[in-house]
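# here are the coordinates; sequence isn't available:
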């Protein structure tokens, strides 16, 4: 695991892993809620959207991915980087992602 962060409401944690996955965990029980797959290399950075409905991830595969936290499905992939994506964040209003 390279990074973890709490959801805005504090009920979930998301982790970025060297097994190329993003996982969401229930804080109260410690149970895994879902595993999101799609990166082809280590996931280095993750962030929840301000409303907790999305997660953004950055990876050594040079990609940024947006995920739906309810279904665990990939919403979109951004391929604008020529190197590893080491940091991702949502804007305070949740309308933009910076990487």
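Noted; the coordinates are in hand. The model shown is predicted, which means the values in this text are computed figures rather than measured ones.

# going forward, measure contacts between C-alpha atoms and count neighbours the same way
Will do.

# Tell me where this protein is predicted with low confidence.
Of all residues in the chain, none has pLDDT under 70.

# For it, which segments count as strands?
Secondary structure of the chain (DSSP state E): strands located at 3-6, 12-16, 21-26, 32-37, 43-48, 54-59, 64-68, 74-78, 89-90, 97-98.

# The last one pairs with which strands, parallel or anti?
Think strand 97-98. Partner strands and pairing direction for strand 97-98 (DSSP bridges) are strand 89-90 (antiparallel).

# List of residues touching the strand it pairs with?
By CA atoms under 8 Å, 6 or more residues apart in numbering, the list of residues contacting strand 89-90 from outside reads 46-50, 56, 96-99.

# Switch those over to TSV; also include distance to residue 8.
Shown next, in TSV, are the contacts of strand 89-90 (distance: CA to CA, whole Å):
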residue	distance to residue 8
46	13
47	10
48	7
49	8
50	6
56	14
96	17
97	16
98	18
99	20
